[in-house]
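**Q** 3D model of this:
(chains A and B)
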Amino acid sequence: MAKISIDQTKCQYNEGCRRCLEVCWVGVFLMHSLKPRTREHGPLGFRISPIFDSLCIGCEECVKNCRAEAISVRY
Amino acid sequence: MCKYCVEHGEGKKWYLNAKNYSNELLAKHEDIVKDGVEKIDSVAPLTLGRELNRYRKIPIVRRLIPRIAQRKLERWHFGQVLPIEDVEEIFGFIQSVVRFPCACRSILWGRRDQRYCYGIGLGIFPDQIMGQYPDITEDLRLEKLQKDEALRALKGHEEQGNLHSVWTFGMPFTGVICNCTLQDCLTMRTSVVYGARMLMKGEYVAHIDIEKCNGCKECMKQCSFGAITYSSTLGRAKINPQVCWGCGICRIVCGEDAIVLKDRNAIPGLKDNWF
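**A** Numbers count the residues shown, from 1 in each chain, chains lettered A, B, ... in the order given. Predicted coordinates for the structure are as follows:
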């Protein structure tokens, strides 16, 4: 099974980059917030994670397309 | 009749029964609704992913995913596809409609401004419950709509290729109408691609009148599920009834009015084909 990791320090999510979400064939990556909503105001804070990594087919499109070279795939 | 219509429909389809939208039922299911609103883009996708990954590793359990998932999700968030006529019928008895950005499109594509979700209900839901969350009311702007305005917008979504589905927060309390394509919907993806059943096929199935069809292939572009294929010998399009979800959005692009919806329950080979 593929092991996908994203280097969150390099990821350009905050600059509006969504390349990995768009190029993945099977939809491994999801963008999710770090904590549940509350009834108070406050930034939610989002992050892109490889949630469905068991579906990865190993095309490495995400590695090729990542501008920040933050994604690595191992088998 | 699907099993939910028998349990909650009182002789009608379950989503056409006004009781399922009632404030008494909401009071009973309030925890589930609030839980859903709070966790929709953080805990929910993570849990779903973790569970699916875990089940996929064990070959015997992999076959049980649909059943396990359906039983769990039924208690939390479950939906069915419906055509625009049934949406119109629902709009006949509900009182308020609010529009907010789609959580699936936010999770799948990272776009937080796609306004395709409609909260519907009898006053208290969705205004008061969802209004308690400032992130939703301000950052995401909960828009109040008139019913006819909302219906027009829904027809617009249909032209873009989005099909309608109606969603529960714990069967049978019903509160949301979604508009999605297969690619844009996390729940449709889990149902179709990963086999975890969250969304049920509609009560209808589309049928092409072979006399009227001129083989223009427009309907093929509209179908999310690839249920329509073309025969070069006949010069006509054909629908695979086993794959059709009965959403009816292929009808609006047909210039010849060749496509009609038929009752799924009246066709013996399809009446148990809900997923």
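**Q** burial of whichever residue of chain A sits closest to chain B, as a residue count?
**A** Minimum separation of chain A from chain B (Cβ to the nearest Cβ) falls at residue A:51, amounting to 3.4 Å. Where C-beta positions appear, they are placed from N, C-alpha and C, glycine not excepted. The tally of other residues near residue A:51 (other Cβ atoms under 10 Å in any protein chain shown) stands at 23.
**Q** Direction included, what does the helix or strand encompassing residue B:260 pair up with?
**A** Using DSSP states H and E, residue B:260 falls within strand B:259-263. According to DSSP bridges, strand B:259-263 has the following sheet partners: strand B:204-208 (antiparallel).
**Q** for residue 62, phi and psi?
**A** By default, I'm working from chain A. When read as degrees, to the nearest 10, the backbone of residue A:62 gives phi -70, psi -40.
**Q** switch to chain B, that's the one I care about
**A** Torsion angles, degrees, to the nearest 10, at residue B:62: phi -60, psi -40.
**Q** I'd like the distance between it and chain A.
**A** Taking Cβ to the nearest Cβ, to the nearest Å as the measure, residue B:62 falls 10 Å from chain A.
**Q** ditto for residue B:99
**A** According to Cβ to the nearest Cβ, residue B:99 stands 18 Å off from chain A.
**Q** so is that residue in a helix, a strand, or just coil?
**A** strand (DSSP: H, G, I helix; E, B strand; the rest coil).
**Q** Look up the closest residue to it, ignoring the ones flanking it.
**A** Leaving aside its chain neighbours, residue B:99 sits nearest to residue B:143 (4.4 Å; criterion: Cβ to Cβ, 6 or more residues apart in numbering or on different chains).
**Q** Around chain A, pick out the residues from chain B.
**A** Residues of chain B lying close to chain A by Cβ under 8 Å from any Cβ of the partner chain are B:37-43, B:45-46, B:48-50, B:52-53, B:56-57, B:106-111, B:132-136, B:138, B:189, B:193-194.
**Q** Which of these fall in helices?
**A** B:37-39, B:43, B:45-46, B:48-50, B:52-53, B:56-57, B:106-109, B:134, B:189 (DSSP state H).
**Q** Of those residues, keep whichever come out buried.
**A** Buried members of these, counted by 16 or more other Cβ atoms under 10 Å in any protein chain shown: B:37-39, B:45, B:48-49, B:52, B:56, B:106-109, B:189.
**Q** closest to residue B:229 among those residues?
**A** residue B:189 (22.1 Å; Cβ to Cβ).
**Q** and the closest one, what does it touch?
**A** Taking Cβ atoms under 8 Å, 6 or more residues apart in numbering or on different chains as the criterion, residue B:189 is in contact with A:27, B:108, B:182, B:183.
**Q** could you pull out the helices for chain A?
**A** According to DSSP H, the helices that chain A contains are A:19-23, A:61-65.
**Q** Contact partners for the residue of the stretch 1-150 of chain B found nearest chain A?
**A** Ranked by Cβ to the nearest Cβ, the top residue of the stretch 1-150 of chain B for proximity to chain A is residue B:49, at 3.4 Å. By Cβ under 8 Å, 6+ apart, the contact set of residue B:49 is A:30, A:51, A:52.
**Q** doesn't residue B:54 make contact with the last one?
**A** No: counting by Cβ atoms under 8 Å, residue B:54 is not a contact partner of residue A:52; they are 11.8 Å apart.
**Q** Those two: who's more crowded?
**A** residue A:52 (25 against 11).
**Q** Please give me every residue in contact with the more buried one.
**A** Taking Cβ under 8 Å, 6+ apart, one finds A:26, A:27, A:28, A:30, B:49, B:52, B:53, B:194 in contact with residue A:52.
**Q** Next: residue B:180.
**A** B:102, B:104, B:105, B:116, B:162, B:163, B:165, B:188.
**Q** Among the residues you listed, which one is most surrounded by other residues?
**A** Within the contacts of residue B:180, neighbour counts (other Cβ under 10 Å) peak at residue B:163, which reaches 28 neighbours.
**Q** Tell me what it is bridged to.
**A** Beta-bridge partners, per DSSP bridges, of residue B:163: residue B:180.
**Q** check contacts around it.
**A** B:81, B:179, B:180, B:181, B:224, B:245, B:247, B:248, B:249.
**Q** Now pLDDT and distance to residue A:9 too, for these, in JSON lines please.
**A** Formatted as JSON lines, those follow (pLDDT from 0 to 100; distance: Cβ to Cβ, whole Å):
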{"residue": "B:81", "pLDDT": "93", "distance to residue A:9": "42"}
{"residue": "B:179", "pLDDT": "93", "distance to residue A:9": "37"}
{"residue": "B:180", "pLDDT": "91", "distance to residue A:9": "34"}
{"residue": "B:181", "pLDDT": "91", "distance to residue A:9": "35"}
{"residue": "B:224", "pLDDT": "89", "distance to residue A:9": "38"}
{"residue": "B:245", "pLDDT": "92", "distance to residue A:9": "43"}
{"residue": "B:247", "pLDDT": "91", "distance to residue A:9": "44"}
{"residue": "B:248", "pLDDT": "91", "distance to residue A:9": "48"}
{"residue": "B:249", "pLDDT": "92", "distance to residue A:9": "44"}
